[in-house]
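*Asks:* How does the following fold in three dimensions:
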Amino acid sequence: MNPADGIANRLRGALIGQVRAVFNDQARGEKPVQRKPEESLFGPRSVVWRVHGDVTTMMVGGVTALLLQMLHPAVLAGGWDHSSFRGDMLGRLRRTARFIAVTTYGSAEEAEAAIDKVREVHTRVKGVLPDGTPYAADDPRLLAWVHVTEAVSFLDAWIRYAEPGMGLADQDRYFADFARIAEALGGDPIPRSRAEANALIAAMRPELAVDARTREVARMVLDQPAPNLAVAPVQALTFGAAVDLLPGWARTMHGLSGAGLATPALRMGTRGIAGTLRWAFR
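*Replies:* The predicted model follows:
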């Protein structure tokens, strides 16, 4: 091995270690999800495997999805009243990422166990909104909202930073495949195409709102400190890219502005990080 290869391997190992530390809770003994092509729900030729396999776009899409989800008062209340996410935002994002990884790449048995666990938790998340309206986390419509925000955000981040030329047929395949998880969780209606996803978001928009709690949680998401100095620049770009990925109407509701003249630099930097991490994990 020549010196350049040695340096490259050490850099690759360091990058992989940093990413795994972010996505796996070492205090709980978590290890990276092992890919099981022959036993998984989707398989390596599926669009779901392709989209969910990119570290950067999943981080960007995950934060975008969270910002969209909290615009629904009942979804926000479920997290506010029953979750420790305000004190452990990284843990919240990590648990979501792990659920996606297990249900995408793990065995069907592991995926079903993860789904059953989430469904059981949802049965205990119930309450009343400030205006007196009751809510329940296992409400099929709320589950559909959480799902569609994730699906659209993951896919749009993938298209922007990995596959700009992705055709509509593959996009529809992604929604159709990913619907399997939402259906198992009890969501309804579940979009199975890009058009159906857009229609569901449009139908849900009249139910969305912003109040002091929404603004507080959004600030906590976007202002949370990085786990260490090495990750800080990547986190700053990721969060900026997540806000940039939001639909304009959602940024307006949150009171967030786009990157403006800095948008090209933001997107170029995020593409650079995405390419570097793909190199590290190849």
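
*Asks:* From here on, just use CA atoms for contacts and neighbour counts.
*Replies:* OK.

*Asks:* Would you map the helices across the stretch 151-282 of the chain?
*Replies:* All helices of the stretch 151-282 of the chain, identified by DSSP state H, counting those that start in this stretch, fall at 168-185, 194-204, 212-223, 232-245, 248-254, 263-281.

*Asks:* buried set for the last one?
*Replies:* By that I understand helix 263-281. 266, 267, 269, 270, 271, 273, 274, 277, 280 (16 or more other C-alpha atoms under 10 Å).

*Asks:* Under a three-state scheme, what state does residue 135 occupy?
*Replies:* Under DSSP: H, G, I helix; E, B strand; the rest coil, residue 135 falls in the strand class.

*Asks:* That one contacts residue 127, doesn't it?
*Replies:* Yes. Look at residue 135 against residue 127 with C-alpha atoms under 8 Å: they come within range, at 5.5 Å.

*Asks:* Pretty sure residue 173 sits against residue 193.
*Replies:* Yes. In this structure, residue 173 is within contact of residue 193 by C-alpha under 8 Å, at 7.1 Å.

*Asks:* who's more crowded, these two?
*Replies:* residue 193 (20 against 17; other C-alpha atoms under 10 Å).

*Asks:* Identify the residues contacting the more buried one.
*Replies:* Counting by C-alpha atoms under 8 Å, 6 or more residues apart in numbering, residue 193 touches 171, 172, 173, 174, 175, 176.

*Asks:* Just the closest of the residues you listed to residue 151, please.
*Replies:* Lowest distance from residue 151 to those (C-alpha to C-alpha) belongs to residue 175, with 7.0 Å.

*Asks:* Leaving out chain neighbours, which residue sits closest to that closest one?
*Replies:* residue 192 (4.8 Å; C-alpha to C-alpha, 6 or more residues apart in numbering).

*Asks:* Tell me, how many residues neighbour the one you found?
*Replies:* Using other C-alpha under 10 Å: residue 192 sits among 19 other residues.

*Asks:* was I right about it contacting residue 171?
*Replies:* No. Counting by C-alpha under 8 Å, residue 192 sits too far from residue 171 to count as a contact (9.6 Å).

*Asks:* Tell me where the model's unsure across the chain.
*Replies:* 1-30, 83-91, 259, 261, 281 (pLDDT under 70).

*Asks:* Pick out the residue nearest the middle of it.
*Replies:* residue 62 (2.1 Å; C-alpha atoms, centre = their mean).

*Asks:* so how many other residues sit close to residue 110?
*Replies:* For residue 110, using other C-alpha under 10 Å, the count is 17.

*Asks:* Then the one 3 residues further on?
*Replies:* In terms of burial, residue 113 registers 14 neighbours under the definition other C-alpha under 10 Å.

*Asks:* In which helix or strand does it reside?
*Replies:* If you go by DSSP states H and E, residue 113 is part of helix 108-122.

*Asks:* Name the residues of that helix that are buried.
*Replies:* Result for helix 108-122 [16+ other C-alpha under 10 Å]: buried residues 108, 110, 111, 112, 114, 115, 119, 122.

*Asks:* can you check stretch 73-83 too?
*Replies:* Applying 16+ other C-alpha under 10 Å to stretch 73-83 flags 73, 74, 75, 76, 77, 78, 79, 80 as buried.

*Asks:* Overlap in contacts, residue 135 and residue 127.
*Replies:* residue 78.

*Asks:* And the strand or helix carrying residue 148, what does it pack against?
*Replies:* Under the criterion of DSSP H and E, residue 148 resides in helix 140-161. The contact analysis (3 or more C-alpha pairs under 8 Å, 6 or more residues apart in numbering; DSSP states H and E) places helix 140-161 against helix 47-52, helix 55-69, helix 73-82, helix 168-185, helix 194-204, helix 232-245, helix 263-281.

*Asks:* chain center to that helix: distance?
*Replies:* 8 Å (C-alpha atoms, centre = their mean, to the nearest Å).

*Asks:* now swap in stretch 164-179 and tell me
*Replies:* 17 Å.

*Asks:* ok, residues contacting it?
*Replies:* By C-alpha under 8 Å, 6+ apart, the surrounding residues in contact with stretch 164-179 are 42, 46-48, 151, 155, 158-159, 190-194, 197.

*Asks:* if you set the cut-off to 6 Å instead, what comes out?
*Replies:* 47, 48, 192, 193, 194 (C-alpha atoms under 6 Å, 6 or more residues apart in numbering).
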